[in-house]
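Engineer: Structure, please.
(chains A and B)
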Number of protein chains: 2
Amino acid sequence: CYKVQIAHYEALGVDGLSCYRDTLAYVRSKGAVVIGDVKRGDIASTGEMYAKAHFSGDFEADLITVNPYIGSDVFAAFVPYLQTGNKGLFILIKTSNPSAGDVQDLFVTNRPVFMHIGEFVHNWGKDYRGECGFSLIGGVVGATHRQQLAEVRSAFATLFLLVPGYGAQGGAGKDVASAFVDGNGAVVNASRSILAAHMSKPDGAKRYPEYAREAVVGMREDIRQWME
Amino acid sequence: CYKVQIAHYEALGVDGLSCYRDTLAYVRSKGAVVIGDVKRGDIASTGEMYAKAHFSGDFEADLITVNPYIGSDVFAAFVPYLQTGNKGLFILIKTSNPSAGDVQDLFVTNRPVFMHIGEFVHNWGKDYRGECGFSLIGGVVGATHRQQLAEVRSAFATLFLLVPGYGAQGGAGKDVASAFVDGNGAVVNASRSILAAHMSKPDGAKRYPEYAREAVVGMREDIRQWME
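Structural biologist: As a prediction, the model looks like this:
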């Protein structure tokens, strides 16, 4: 499973987005699941255009990340694609960055904003659950917020989670273990710690694939030791 | 001043984004200000890529719309461009869509989430004020929420506002008049009511520019009658 961050391609303009198209096509040609990390989200008529952009055509991904600030309209635009059973969303609940709490931790009645978002996502996803009980509408909770990750998992048992922030951002195996339910229900993402694993090695330039693989295997073992 | 919605181009893939590039270049070649309605927003390192993407290169706009769910990191990524004095942001405060309140109206202590966002935007913008007292970091408040628009304007006098939702979404002159301070401090956006003005006319296909111009003049008069 690969998460591809569109911003790094978008920064290079039309040429960059041609590469984004080619990257996604390559990953999908290998039979791997690809998450387009696009964090789009807009009002109904515009949201439909983003759905078309990232679930069909040049930039087709299997799942994409979505920003919930707009409210339920943001999810509604994707419904026709979710109904096929082959596409899914990860809606931002609690992001991995330092200032995530500015908005997400604002306290509303008896719980913070991010837990309200968690409940929205959980409710929006009720009609889209698969065989394992998890929904095609999942949520993003950063590995850098261990307690909040456990809180979200505990409150919303059927929510499939994308957990970014492992590695370079500081998240570790012990932080993300609570995201899983019997070894299922979550995908943990590391970017820089894998992509740049070779850069600290003298022979890194030559052995890039080996060091990337080594980092992935190390990450898997690190997470496994905290699960049981 | 033109607001160009990238989603409608993005839906057409790489070819669509080539047209987006050409549209922006054309508007800017005429000396007009262009707002890229991209609603991007991501954590620091990724946010920097979105800043590069939309304030330089193929997709360079003068101002862009930004989603605040990520917190202050979302604004920090754009600082180097704001410091030039030639670029600006419109951060989503209260959007124009029907479900805007799902998140934005959640009540935190003594006021809703959108008023907290208004204060963030107001504070982030303090160091970027120009001659007229308004900041390069402005906010988005939909014309469809008349009372909340007046509330934001009243609380944050130096906030420059982008007010979408006029026309097809239901906003009218009386709804948006409160956004202005002595005739300044806001830009009201209409899209479909201008772009599609010709479609209800029998000779619309032939006289598209005239009907678009007529809609714009009518909109200006409609707003003016409610000011001072």
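
Engineer: Would you confirm that residue A:99 contacts residue B:75?
Structural biologist: No: at 9.0 Å, residue A:99 does not count as touching residue B:75 under the criterion of CB atoms under 8 Å. For every residue, glycine as well, the C-beta is placed using N, CA and C.

Engineer: Now do the SS call for the residue nearest the centre of chain A.
Structural biologist: Closest to where the C-alpha atoms of chain A average out (CA atoms, centre = their mean) is residue A:162, at 3.9 Å. For residue A:162, the assignment made with DSSP: H, G, I helix; E, B strand; the rest coil gives strand.

Engineer: For it, give its distance to chain B.
Structural biologist: Remark: distance between residue A:162 and chain B (CB to the nearest CB, to the nearest Å) = 14 Å.

Engineer: and that residue, bridged to which residues?
Structural biologist: Residue A:162 forms beta bridges with residue A:140, residue A:187, as assigned by DSSP bridges.

Engineer: Tell me, what's the model's pLDDT at it?
Structural biologist: We have a pLDDT of 98 for residue A:162.

Engineer: When residue A:99 and residue B:75 are compared, which one has more neighbours?
Structural biologist: Using other CB atoms under 10 Å in any protein chain shown, the more surrounded residue of residue A:99 and residue B:75 is residue B:75, with 24 against 18.

Engineer: Can you list the buried residues in stretch A:133-148?
Structural biologist: For stretch A:133-148, the neighbour count (16 or more other CB atoms under 10 Å in any protein chain shown) marks A:134-146, A:148 as buried.

Engineer: From one end of stretch A:76-86 to the other, what's the distance?
Structural biologist: 16 Å (CA to CA, to the nearest Å).

Engineer: List of residues touching that stretch?
Structural biologist: With CB atoms under 8 Å, 6 or more residues apart in numbering or on different chains as the test, stretch A:76-86 has contacts from A:42, A:44, A:46-48, A:50-51, A:55-56, A:62, A:66, A:87-89, A:128, A:130, A:136-137, B:99.

Engineer: same thing but at 7 Å, please
Structural biologist: If you take CB atoms under 7 Å, 6 or more residues apart in numbering or on different chains as the criterion, stretch A:76-86 is touched by A:44, A:47, A:48, A:50, A:51, A:55, A:87, A:88, A:89, A:128, A:136, A:137.

Engineer: What residue spans form the domains of chain A?
Structural biologist: Domains of chain A are assigned by automatic domain parsing as A:1-73, A:87-228.

Engineer: right, and residue A:174 touches residue A:227 too?
Structural biologist: No: using CB atoms under 7 Å, residue A:174 makes no contact with residue A:227, being 10.3 Å away.

Engineer: low-scoring pLDDT stretches of chain A, where are they?
Structural biologist: Within chain A, not a single segment meets pLDDT under 70.

Engineer: Show me where it has its helices.
Structural biologist: With DSSP state H, the ranges of helices along chain A come out as A:7-10, A:13-29, A:44-55, A:73-76, A:79-82, A:101-104, A:113-124, A:146-155, A:173-176, A:192-195, A:208-224.

Engineer: Could you dump the ones you listed into CSV with distance to residue B:193 added?
Structural biologist: Formatted as CSV, the helices of chain A follow (distance: least, CB to CB, whole Å):
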stretch, distance to residue B:193
helix A:7-10, 30
helix A:13-29, 31
helix A:44-55, 13
helix A:73-76, 20
helix A:79-82, 26
helix A:101-104, 32
helix A:113-124, 31
helix A:146-155, 42
helix A:173-176, 49
helix A:192-195, 46
helix A:208-224, 52
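
Engineer: if we can go back for a sec, what residues are up against the residue nearest to the centre of chain A?
Structural biologist: Applying CB under 7 Å, 6+ apart, we find residue A:162 in contact with A:35, A:90, A:138, A:140, A:187, A:189.

Engineer: State the distance from it to residue A:64.
Structural biologist: Per CB to CB, to the nearest Å, residue A:162 is found 10 Å from residue A:64.

Engineer: Residue A:208 too?
Structural biologist: 28 Å.

Engineer: Counting neighbours, go ahead and name the busier of these two.
Structural biologist: residue A:64 (27 against 16).

Engineer: Let me see the contact set for the more buried one.
Structural biologist: Residue A:64 touches A:35, A:36, A:38, A:40, A:54, A:89, counting by CB under 7 Å, 6+ apart.

Engineer: So which of the residues you listed belong to strands?
Structural biologist: A:35, A:36, A:38, A:40, A:89 (DSSP state E).

Engineer: Which member of those is positioned nearest residue A:14?
Structural biologist: Distance to residue A:14, by CB to CB, is smallest for residue A:38 among those, at 16.7 Å.

Engineer: Any idea how many residues pack against residue A:103?
Structural biologist: Neighbourhood size, residue A:103 [other CB under 10 Å]: 25.

Engineer: check contacts around it.
Structural biologist: Applying CB under 7 Å, 6+ apart, we find residue A:103 in contact with A:113, B:68, B:69, B:71, B:117.

Engineer: Output those residues in TSV, with distance to residue B:214 and neighbour count appended to each entry.
Structural biologist: Formatted as TSV, those follow (distance: CB to CB, whole Å; neighbours: other CB atoms under 10 Å in any protein chain shown):
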residue	distance to residue B:214	neighbour count
A:113	44	24
B:68	36	26
B:69	39	25
B:71	44	21
B:117	36	25
